[in-house]
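*Asks:* next input, structure requested:
(one chain, ligands or ions: 1)
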Amino acid sequence: MDPLASLSARFGSLRAKGLMVGPIPAEILGQPPDTVKGASPRTLARMPDYEYVLSTSDGPVGIVTLNRPKQLNALAGPLMAELVDALEGHDADPAIRAIVITGGSSVFAAGADIKEMAEASAVDMLLRNNIALWDRVQRVSKPLIAAVAGYALGGGCELAMICDVIVAAENARFGQPEINIGLIPGAGGTQRLTRSVGKFLATDMVLTGRMLNAEQALHHGLAARVVPQEIVVEEAVRLGKEIAQKAPISVRLAREAITRAFEGRVDDGIEFERKLFYLLFATQDSHEGMRAFVDKRQPTYQGR
Ligand code: CAA
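*Replies:* This is a model prediction of the structure:
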(Lines give C-alpha, C1' and ligand atoms only; values in the text may rest on other atoms or scores of the structure.)
Protein backbone atom coordinates (compact mmCIF):
# COMPACT_ATOMS: atom_id res chain seq x y z
CA MET A 1 0.00 0.00 0.00
CA ASP A 2 1.10 3.57 -0.64
CA PRO A 3 2.74 4.69 2.64
CA LEU A 4 0.52 7.77 2.93
CA ALA A 5 -2.63 5.73 2.39
CA SER A 6 -1.42 3.21 4.93
CA LEU A 7 -0.79 6.00 7.47
CA SER A 8 -4.22 7.45 6.80
CA ALA A 9 -5.84 4.05 7.30
CA ARG A 10 -3.92 3.50 10.53
CA PHE A 11 -4.84 6.86 12.00
CA GLY A 12 -8.42 6.48 10.78
CA SER A 13 -8.77 3.26 12.76
CA LEU A 14 -7.12 4.83 15.81
CA ARG A 15 -9.56 7.69 15.63
CA ALA A 16 -12.45 5.23 15.37
CA LYS A 17 -11.19 3.53 18.54
CA GLY A 18 -11.04 6.93 20.24
CA LEU A 19 -7.27 6.72 20.64
CA MET A 20 -6.59 9.83 18.68
CA VAL A 21 -8.39 13.11 18.26
CA GLY A 22 -7.91 15.84 15.69
CA PRO A 23 -6.54 15.61 12.18
CA ILE A 24 -3.64 13.41 11.13
CA PRO A 25 -0.65 15.41 12.29
CA ALA A 26 0.94 17.20 9.37
CA GLU A 27 4.39 16.40 10.69
CA ILE A 28 3.57 12.72 10.51
CA LEU A 29 2.42 13.20 6.96
CA GLY A 30 5.73 14.89 6.22
CA GLN A 31 4.20 18.30 5.55
CA PRO A 32 4.40 21.53 7.53
CA PRO A 33 1.25 21.96 9.67
CA ASP A 34 -0.25 24.87 7.75
CA THR A 35 -0.33 22.98 4.46
CA VAL A 36 -2.88 20.47 5.71
CA LYS A 37 -6.38 21.85 6.04
CA GLY A 38 -7.47 21.87 9.70
CA ALA A 39 -4.19 20.44 10.96
CA SER A 40 -3.47 21.44 14.51
CA PRO A 41 0.01 21.30 15.98
CA ARG A 42 -1.59 21.12 19.45
CA THR A 43 -2.74 17.51 19.25
CA LEU A 44 -0.11 15.22 17.89
CA ALA A 45 -0.38 11.46 18.26
CA ARG A 46 3.02 10.05 19.16
CA MET A 47 2.53 6.48 20.27
CA PRO A 48 -1.07 5.96 19.45
CA ASP A 49 -1.37 2.19 19.88
CA TYR A 50 -1.98 2.37 23.60
CA GLU A 51 -5.14 1.14 25.23
CA TYR A 52 -4.94 2.81 28.64
CA VAL A 53 -3.03 6.03 28.03
CA LEU A 54 -3.09 8.77 25.41
CA SER A 55 0.26 10.15 24.39
CA THR A 56 0.31 13.50 22.62
CA SER A 57 2.37 16.66 22.57
CA ASP A 58 1.88 20.37 22.42
CA GLY A 59 5.02 21.96 21.00
CA PRO A 60 7.94 21.01 23.27
CA VAL A 61 5.70 19.46 25.93
CA GLY A 62 4.81 15.77 25.91
CA ILE A 63 1.42 14.99 27.43
CA VAL A 64 0.58 11.54 28.73
CA THR A 65 -3.02 11.14 29.83
CA LEU A 66 -4.16 8.16 31.90
CA ASN A 67 -7.24 6.91 30.13
CA ARG A 68 -9.15 4.39 32.17
CA PRO A 69 -11.81 6.70 33.54
CA LYS A 70 -14.46 4.12 34.47
CA GLN A 71 -12.03 2.57 36.95
CA LEU A 72 -10.85 6.02 38.06
CA ASN A 73 -7.55 5.42 36.25
CA ALA A 74 -6.63 2.59 38.64
CA LEU A 75 -3.00 1.82 37.85
CA ALA A 76 -3.26 -1.74 36.56
CA GLY A 77 -0.06 -3.43 35.31
CA PRO A 78 -0.84 -2.90 31.60
CA LEU A 79 -1.62 0.78 32.19
CA MET A 80 1.65 1.27 34.05
CA ALA A 81 3.56 -0.49 31.26
CA GLU A 82 2.01 1.85 28.67
CA LEU A 83 2.62 4.90 30.84
CA VAL A 84 6.30 4.03 31.21
CA ASP A 85 6.64 3.34 27.50
CA ALA A 86 4.99 6.66 26.60
CA LEU A 87 7.20 8.57 29.05
CA GLU A 88 10.34 6.94 27.69
CA GLY A 89 9.20 7.78 24.15
CA HIS A 90 8.94 11.45 25.05
CA ASP A 91 12.21 11.27 26.95
CA ALA A 92 13.98 9.97 23.85
CA ASP A 93 12.49 12.67 21.60
CA PRO A 94 14.88 15.66 21.37
CA ALA A 95 11.98 17.99 20.50
CA ILE A 96 10.33 17.34 23.87
CA ARG A 97 11.62 19.35 26.82
CA ALA A 98 9.08 18.64 29.58
CA ILE A 99 6.36 16.04 30.10
CA VAL A 100 2.93 16.44 31.66
CA ILE A 101 1.29 13.44 33.31
CA THR A 102 -2.44 13.83 33.86
CA GLY A 103 -5.72 12.02 34.07
CA GLY A 104 -7.56 15.01 32.57
CA SER A 105 -9.84 17.35 34.49
CA SER A 106 -11.91 14.76 36.44
CA VAL A 107 -9.64 12.22 38.11
CA PHE A 108 -5.91 11.67 38.32
CA ALA A 109 -5.70 8.08 39.61
CA ALA A 110 -7.33 6.15 42.47
CA GLY A 111 -4.25 4.02 43.08
CA ALA A 112 -2.98 0.58 42.22
CA ASP A 113 -5.64 -1.74 40.83
CA ILE A 114 -7.11 -3.38 43.93
CA LYS A 115 -9.03 -5.96 41.85
CA GLU A 116 -5.80 -7.04 40.22
CA MET A 117 -4.16 -7.57 43.63
CA ALA A 118 -7.08 -8.87 45.71
CA GLU A 119 -6.19 -12.58 45.43
CA ALA A 120 -2.39 -12.24 45.07
CA SER A 121 -0.11 -13.88 47.63
CA ALA A 122 3.05 -12.25 48.93
CA VAL A 123 5.03 -14.53 46.63
CA ASP A 124 2.86 -13.53 43.64
CA MET A 125 3.53 -9.89 44.41
CA LEU A 126 7.24 -10.46 44.86
CA LEU A 127 7.51 -12.36 41.59
CA ARG A 128 5.32 -9.93 39.63
CA ASN A 129 7.33 -7.06 41.13
CA ASN A 130 5.13 -4.62 39.23
CA ILE A 131 6.38 -1.71 41.26
CA ALA A 132 9.83 -2.09 39.69
CA LEU A 133 8.28 -0.33 36.64
CA TRP A 134 8.15 2.80 38.77
CA ASP A 135 11.95 2.92 38.83
CA ARG A 136 11.80 3.65 35.10
CA VAL A 137 9.50 6.62 35.71
CA GLN A 138 12.07 7.90 38.17
CA ARG A 139 14.81 7.58 35.53
CA VAL A 140 13.07 9.86 32.99
CA SER A 141 15.51 12.71 32.46
CA LYS A 142 13.09 15.53 31.57
CA PRO A 143 10.98 17.53 34.01
CA LEU A 144 7.76 15.70 34.83
CA ILE A 145 4.77 17.86 35.68
CA ALA A 146 1.73 16.23 37.29
CA ALA A 147 -1.57 17.93 36.43
CA VAL A 148 -3.84 16.59 39.16
CA ALA A 149 -7.62 16.94 39.17
CA GLY A 150 -9.90 14.89 41.40
CA TYR A 151 -8.54 11.90 43.28
CA ALA A 152 -4.81 11.23 43.49
CA LEU A 153 -4.90 8.34 45.94
CA GLY A 154 -2.46 5.59 46.83
CA GLY A 155 -0.38 4.91 43.72
CA GLY A 156 -2.04 8.00 42.17
CA CYS A 157 -0.60 10.23 44.87
CA GLU A 158 2.70 8.39 44.54
CA LEU A 159 2.70 8.97 40.78
CA ALA A 160 2.13 12.69 41.33
CA MET A 161 4.93 12.74 43.90
CA ILE A 162 7.44 11.04 41.61
CA CYS A 163 6.99 14.06 39.31
CA ASP A 164 9.01 17.26 39.70
CA VAL A 165 6.12 19.69 40.03
CA ILE A 166 2.48 19.14 40.98
CA VAL A 167 -0.13 21.48 39.53
CA ALA A 168 -3.39 20.82 41.36
CA ALA A 169 -6.93 21.59 40.29
CA GLU A 170 -9.23 23.07 42.92
CA ASN A 171 -11.03 19.73 43.18
CA ALA A 172 -7.83 17.68 43.71
CA ARG A 173 -7.74 15.21 46.63
CA PHE A 174 -4.43 13.70 47.71
CA GLY A 175 -4.19 10.70 49.99
CA GLN A 176 -2.56 7.40 50.87
CA PRO A 177 -5.62 5.37 51.92
CA GLU A 178 -4.01 1.91 51.66
CA ILE A 179 -4.46 1.45 55.42
CA ASN A 180 -8.21 1.20 54.79
CA ILE A 181 -7.69 -1.99 52.79
CA GLY A 182 -5.12 -3.57 55.10
CA LEU A 183 -2.07 -2.37 53.15
CA ILE A 184 0.50 0.41 53.23
CA PRO A 185 1.76 2.62 50.37
CA GLY A 186 4.01 0.56 48.08
CA ALA A 187 5.33 2.93 45.42
CA GLY A 188 7.23 5.45 47.49
CA GLY A 189 4.40 7.06 49.46
CA THR A 190 5.88 6.55 52.92
CA GLN A 191 9.13 8.13 51.74
CA ARG A 192 8.07 10.93 49.39
CA LEU A 193 5.00 12.05 51.33
CA THR A 194 7.08 12.24 54.50
CA ARG A 195 9.68 14.37 52.73
CA SER A 196 7.01 16.57 51.14
CA VAL A 197 4.71 17.33 54.05
CA GLY A 198 6.82 16.28 57.05
CA LYS A 199 6.68 13.30 59.39
CA PHE A 200 3.69 14.31 61.46
CA LEU A 201 1.20 15.09 58.73
CA ALA A 202 2.46 12.13 56.67
CA THR A 203 1.89 9.79 59.61
CA ASP A 204 -1.57 11.24 60.17
CA MET A 205 -2.41 10.67 56.49
CA VAL A 206 -0.86 7.21 56.13
CA LEU A 207 -2.32 5.82 59.36
CA THR A 208 -5.82 7.22 58.87
CA GLY A 209 -6.18 7.42 55.10
CA ARG A 210 -7.15 11.09 55.49
CA MET A 211 -7.05 13.14 52.26
CA LEU A 212 -5.73 16.66 51.66
CA ASN A 213 -7.67 19.04 49.45
CA ALA A 214 -5.88 21.25 46.94
CA GLU A 215 -5.46 24.23 49.27
CA GLN A 216 -4.09 22.00 52.04
CA ALA A 217 -1.73 20.34 49.56
CA LEU A 218 -0.52 23.79 48.51
CA HIS A 219 -0.16 24.91 52.11
CA HIS A 220 1.87 21.83 53.05
CA GLY A 221 4.14 21.94 50.01
CA LEU A 222 2.72 18.98 48.12
CA ALA A 223 1.26 21.08 45.29
CA ALA A 224 3.22 23.92 43.70
CA ARG A 225 0.15 25.77 42.42
CA VAL A 226 -3.63 25.45 42.43
CA VAL A 227 -5.76 26.43 39.45
CA PRO A 228 -9.39 26.02 38.38
CA GLN A 229 -10.24 22.47 37.37
CA GLU A 230 -10.93 23.30 33.71
CA ILE A 231 -7.44 24.70 33.11
CA VAL A 232 -5.29 22.30 35.11
CA VAL A 233 -3.80 20.58 32.06
CA GLU A 234 -3.44 23.88 30.21
CA GLU A 235 -1.57 25.38 33.16
CA ALA A 236 0.74 22.36 33.40
CA VAL A 237 1.48 22.58 29.67
CA ARG A 238 2.06 26.33 29.99
CA LEU A 239 4.53 25.62 32.77
CA GLY A 240 6.20 22.96 30.62
CA LYS A 241 6.56 25.49 27.78
CA GLU A 242 8.04 28.05 30.14
CA ILE A 243 10.63 25.51 31.28
CA ALA A 244 11.25 24.56 27.65
CA GLN A 245 12.42 28.10 26.94
CA LYS A 246 15.23 27.86 29.47
CA ALA A 247 18.73 26.57 28.76
CA PRO A 248 18.21 22.80 28.46
CA ILE A 249 21.37 21.75 30.24
CA SER A 250 20.70 24.15 33.11
CA VAL A 251 17.22 22.66 33.45
CA ARG A 252 18.61 19.17 33.46
CA LEU A 253 21.29 19.86 36.02
CA ALA A 254 19.04 21.94 38.28
CA ARG A 255 16.55 19.10 38.28
CA GLU A 256 19.25 16.58 39.06
CA ALA A 257 20.47 18.66 41.98
CA ILE A 258 16.96 19.13 43.42
CA THR A 259 16.28 15.44 42.95
CA ARG A 260 19.45 14.67 44.87
CA ALA A 261 18.30 16.93 47.70
CA PHE A 262 14.89 15.30 47.77
CA GLU A 263 15.58 11.72 46.83
CA GLY A 264 19.02 11.28 48.41
CA ARG A 265 18.82 8.17 50.59
CA VAL A 266 15.16 7.73 49.64
CA ASP A 267 16.06 4.70 47.55
CA ASP A 268 16.80 2.61 50.62
CA GLY A 269 13.48 3.57 52.09
CA ILE A 270 11.66 2.78 48.87
CA GLU A 271 13.19 -0.67 48.66
CA PHE A 272 12.26 -1.30 52.30
CA GLU A 273 8.70 -0.06 51.78
CA ARG A 274 8.29 -2.21 48.64
CA LYS A 275 9.26 -5.39 50.51
CA LEU A 276 6.88 -4.55 53.38
CA PHE A 277 4.10 -3.86 50.90
CA TYR A 278 4.60 -7.27 49.29
CA LEU A 279 4.88 -8.91 52.73
CA LEU A 280 1.46 -7.59 53.71
CA PHE A 281 -0.08 -9.84 51.07
CA ALA A 282 0.76 -12.70 53.46
CA THR A 283 -1.79 -11.30 55.95
CA GLN A 284 -5.46 -12.29 56.05
CA ASP A 285 -6.34 -8.69 56.80
CA SER A 286 -4.99 -7.37 53.50
CA HIS A 287 -7.16 -9.82 51.56
CA GLU A 288 -10.14 -9.02 53.78
CA GLY A 289 -9.55 -5.30 53.09
CA MET A 290 -9.21 -5.68 49.32
CA ARG A 291 -12.16 -8.10 49.03
CA ALA A 292 -14.30 -5.76 51.11
CA PHE A 293 -13.46 -2.97 48.66
CA VAL A 294 -14.39 -5.14 45.68
CA ASP A 295 -17.61 -6.31 47.44
CA LYS A 296 -18.43 -2.73 48.48
CA ARG A 297 -18.69 -3.55 52.22
CA GLN A 298 -16.85 -2.61 55.42
CA PRO A 299 -13.83 -4.83 56.24
CA THR A 300 -13.41 -6.69 59.54
CA TYR A 301 -9.79 -6.96 60.65
CA GLN A 302 -8.45 -9.70 62.95
CA GLY A 303 -4.81 -8.71 63.22
CA ARG A 304 -3.79 -11.86 61.34
N1 CAA B 1 -8.56 -0.32 42.02
C2 CAA B 1 -9.50 -0.91 41.27
N3 CAA B 1 -10.69 -0.35 40.99
C4 CAA B 1 -10.93 0.87 41.50
C5 CAA B 1 -10.01 1.56 42.28
C6 CAA B 1 -8.76 0.91 42.54
N7 CAA B 1 -7.79 1.50 43.26
N8 CAA B 1 -10.54 2.74 42.66
C9 CAA B 1 -11.74 2.80 42.10
N10 CAA B 1 -12.00 1.68 41.39
C11 CAA B 1 -13.20 1.34 40.63
C12 CAA B 1 -14.35 0.94 41.57
O13 CAA B 1 -14.24 -0.43 41.95
C14 CAA B 1 -15.54 1.21 40.68
O15 CAA B 1 -15.61 0.17 39.74
P16 CAA B 1 -17.05 -0.51 39.40
O17 CAA B 1 -17.83 0.58 38.76
O18 CAA B 1 -16.66 -1.60 38.44
O19 CAA B 1 -17.61 -0.97 40.70
C20 CAA B 1 -15.10 2.47 39.91
O21 CAA B 1 -13.69 2.50 39.98
C22 CAA B 1 -15.64 3.74 40.54
O23 CAA B 1 -15.24 3.75 41.90
P24 CAA B 1 -16.27 3.99 43.11
O25 CAA B 1 -17.61 3.47 42.75
O26 CAA B 1 -15.64 3.46 44.36
O27 CAA B 1 -16.29 5.59 43.12
P28 CAA B 1 -16.62 6.54 44.35
O29 CAA B 1 -16.73 7.90 43.75
O30 CAA B 1 -17.75 6.02 45.19
O31 CAA B 1 -15.31 6.48 45.29
C32 CAA B 1 -12.93 6.50 45.68
C33 CAA B 1 -14.08 6.98 44.77
C34 CAA B 1 -13.06 7.15 47.06
C35 CAA B 1 -11.65 6.95 45.02
C36 CAA B 1 -12.99 4.96 45.84
O37 CAA B 1 -13.09 4.39 44.53
C38 CAA B 1 -11.78 4.37 46.49
O39 CAA B 1 -11.66 4.42 47.71
N40 CAA B 1 -10.88 3.76 45.69
C41 CAA B 1 -9.73 3.04 46.22
C42 CAA B 1 -8.65 4.00 46.68
C43 CAA B 1 -7.50 3.22 47.27
O44 CAA B 1 -7.63 2.50 48.25
N45 CAA B 1 -6.31 3.36 46.64
C46 CAA B 1 -5.12 2.65 47.05
C47 CAA B 1 -4.93 1.39 46.24
S48 CAA B 1 -3.59 0.39 46.77
C49 CAA B 1 -2.21 1.20 46.20
O50 CAA B 1 -2.29 2.19 45.49
C51 CAA B 1 -0.89 0.59 46.60
C52 CAA B 1 0.29 1.36 46.16
O53 CAA B 1 0.81 2.16 46.88
C54 CAA B 1 0.90 1.10 44.87
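
*Asks:* distance of the nearest residue to Gly150 once chain neighbours are set aside from Asp164?
*Replies:* Excluding its sequence neighbours, the residue lying closest to Gly150 (Cβ to Cβ, 6 or more residues apart in numbering) is Val107, at 3.8 Å. Every residue, glycine included, has its C-beta placed from N, CA and C. With the distance defined as Cβ to Cβ, to the nearest Å, Val107 ends up 21 Å from Asp164.

*Asks:* same check on Thr194?
*Replies:* From Thr194 to Asp164 the distance is 18 Å (Cβ to Cβ).

*Asks:* if we can go back for a sec, give me the more crowded residue out of Val107 and Asp164.
*Replies:* Neighbours around Val107 and Asp164, counted as other Cβ atoms under 10 Å, are more numerous at Val107. The numbers are 24 against 19.

*Asks:* list the contacts for the more buried one?
*Replies:* When contacts are counted by Cβ atoms under 8 Å, 6 or more residues apart in numbering, Val107 touches Pro69, Leu72, Asn73, Ala149, Gly150, Tyr151.

*Asks:* between those residues, which has the most around it?
*Replies:* Within the contacts of Val107, most neighbours by other Cβ under 10 Å means Asn73, with 30 neighbours.

*Asks:* could you verify my assumption that that residue touches Val64?
*Replies:* No. Contact criterion Cβ atoms under 8 Å: Asn73 and Val64 do not qualify, at 11.7 Å.

*Asks:* do a quick rundown of the strands in the protein.
*Replies:* Per DSSP state E, the chain carries strands over the ranges 53-58, 61-66, 98-102, 144-148, 151-153, 165-169, 173-175, 212-213, 225-227.

*Asks:* out of those, which one sits most buried?
*Replies:* Each of the strands of the chain was scored by mean neighbour count; the highest is strand 144-148, a mean of 29, by mean count of other Cβ atoms under 10 Å.

*Asks:* is the ligand within reach of that one?
*Replies:* No. Strand 144-148 lies out of reach of the ligand by Cβ under 6 Å from any ligand atom, never closer than 13.4 Å.

*Asks:* what's that strand packed up against?
*Replies:* Judged by 3 or more Cβ pairs under 8 Å, 6 or more residues apart in numbering; DSSP states H and E, strand 144-148 is in contact with strand 98-102, helix 155-162, strand 165-169, helix 232-244.

*Asks:* for the ones you listed, give me a markdown table that also has mean pLDDT and distance to Pro78.
*Replies:* Below are the helices and strands packed on strand 144-148 laid out as a markdown table (pLDDT from 0 to 100; distance: least, Cβ to Cβ, whole Å):
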| stretch | mean pLDDT | distance to Pro78 |
| --- | --- | --- |
| strand 98-102 | 98 | 17 |
| helix 155-162 | 98 | 14 |
| strand 165-169 | 98 | 25 |
| helix 232-244 | 98 | 23 |
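
*Asks:* switch these over to CSV; also include distance to the ligand.
*Replies:* Shown next, in CSV, are the helices and strands packed on strand 144-148 (distance: least, Cβ to the nearest ligand atom, whole Å):
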stretch, distance to the ligand
strand 98-102, 16
helix 155-162, 4
strand 165-169, 15
helix 232-244, 18
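
*Asks:* Tyr301: which of these is closest?
*Replies:* Ranking those by proximity to Tyr301 (Cβ to Cβ) places helix 155-162 first, at 21.9 Å.

*Asks:* residues in contact with the closest one?
*Replies:* 73, 75, 101, 103, 108-112, 134, 137-138, 144, 146, 148, 152, 166, 174-176, 185-189, 192-193, 196, 222.

*Asks:* got the angle between it and strand 144-148?
*Replies:* With axes from the mean of the first three to the mean of the last three Cα atoms, to 10 degrees defining the directions, helix 155-162 sits at 140 degrees from strand 144-148.

*Asks:* hmm, back to that, quick check: which of the helices and strands packed on strand 144-148 is nearest to Val251?
*Replies:* Going by Cβ to Cβ, the one of the helices and strands packed on strand 144-148 nearest Val251 is helix 232-244, 6.0 Å.

*Asks:* so which elements touch the closest one?
*Replies:* Helix 232-244 is packed against strand 61-66, strand 98-102, strand 144-148, strand 165-169, with contacts defined by 3+ Cβ pairs under 8 Å, 6+ apart.
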